[in-house]
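>>> what's the 3D shape of this:
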Amino acid sequence: MRVLEKGISNQPSILVVDDDKSVLAMLKEVLTSAGYNIYEASTGKDALTLYSKLKPDLTLLDINMPDMSGLDIALQFKKTRRLPFIILSGQGDHDIVQRAVDLGAITYLLKPLGFKEIITAAKIALMRGVEIIALRNSEQHLNNELTNNRTSNVAVGILMERFRLSSGESYNLLRNYARFQCRNISAVARDLVKDHENINIPFKMIKGSSE
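Numbering: from 1, shown residues only. Next comes the predicted model:
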């Protein structure tokens, strides 16, 4: 296992994993010349250690490794939900290709590898990785918004029932109480839903002051 010094700090980092030293040397030379920061591993164990520690932007994985297959390593990557990765192999076995795709491989490269092929595949995979991260962040944001909205709606319903208010009046009460506490509405709504039996005194104070 060898970590190369980062030549250009703002360039993507790539982990290359292969037990063939000549392949590692070739990949290092090609990708370094393209401006990428390179990490190397010749065993699955070292690959997982570097992957966890350094969180590379892209990983190139050989299928046949001495201690575990590239697919086994990819399976561990999938558990962390960090992408992307490219599978390298000397054989174009359909089942292996399909398994690689199922595990989230961006592409599958057959050896021997051409210089332009490697650089093009790396560029495409890195762009795809940015898209995946953006999509994941967008989905997480949407899920958070939906959760917060559901919680706020439940909180409004509790206030409607407790104080015999309309939905608009209950929302205004929730908003005013959040302002009174200098907190966001979602946080106040979560607390209200969690402990709605003890809301009378503080919310009555806010309700009375707003009337």
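>>> what about R150, which helix or strand?
For R150, the host element (DSSP states H and E) is helix 115-163.
>>> just checking, next helix/strand downstream of that helix?
helix 167-180.
>>> with just CA atoms, put that next one into PDB.
This file holds the C-alpha atoms of helix 167-180, laid out as PDB (Å, rounded to 0.1, in the frame of the first residue of the first chain):
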ATOM      1  CA  SER A 167     -55.500  25.500  10.700                       C
ATOM      2  CA  GLY A 168     -54.300  29.000   9.900                       C
ATOM      3  CA  GLU A 169     -54.600  30.200  13.400                       C
ATOM      4  CA  SER A 170     -52.800  27.100  14.700                       C
ATOM      5  CA  TYR A 171     -49.900  27.600  12.200                       C
ATOM      6  CA  ASN A 172     -49.600  31.200  13.300                       C
ATOM      7  CA  LEU A 173     -49.500  30.100  16.900                       C
ATOM      8  CA  LEU A 174     -46.800  27.600  16.100                       C
ATOM      9  CA  ARG A 175     -44.800  30.200  14.100                       C
ATOM     10  CA  ASN A 176     -45.100  32.800  16.900                       C
ATOM     11  CA  TYR A 177     -44.000  30.300  19.500                       C
ATOM     12  CA  ALA A 178     -41.000  29.400  17.400                       C
ATOM     13  CA  ARG A 179     -40.100  33.100  17.100                       C
ATOM     14  CA  PHE A 180     -40.500  33.500  20.800                       C
END
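>>> count of neighbours near P112?
Number of residues near P112 (other Cβ atoms under 10 Å) recorded here: 9. All C-beta spots, glycine's among them, are computed from the backbone N, C-alpha and C.
>>> so what are the domain limits for the protein?
2-113, 141-210 (automatic domain parsing).
>>> give me whichever of the ones you listed is most buried.
domain 2-113 (a mean of 17; mean count of other Cβ atoms under 10 Å).
>>> mean confidence score for that domain?
The average pLDDT for domain 2-113 rounds to 85.
>>> quick one: it to chain centroid distance?
18 Å (Cα atoms, centre = their mean, to the nearest Å).
>>> got it, and stretch 155-174?
Worked out by Cα atoms, centre = their mean, stretch 155-174 lies 37 Å from the chain centre.
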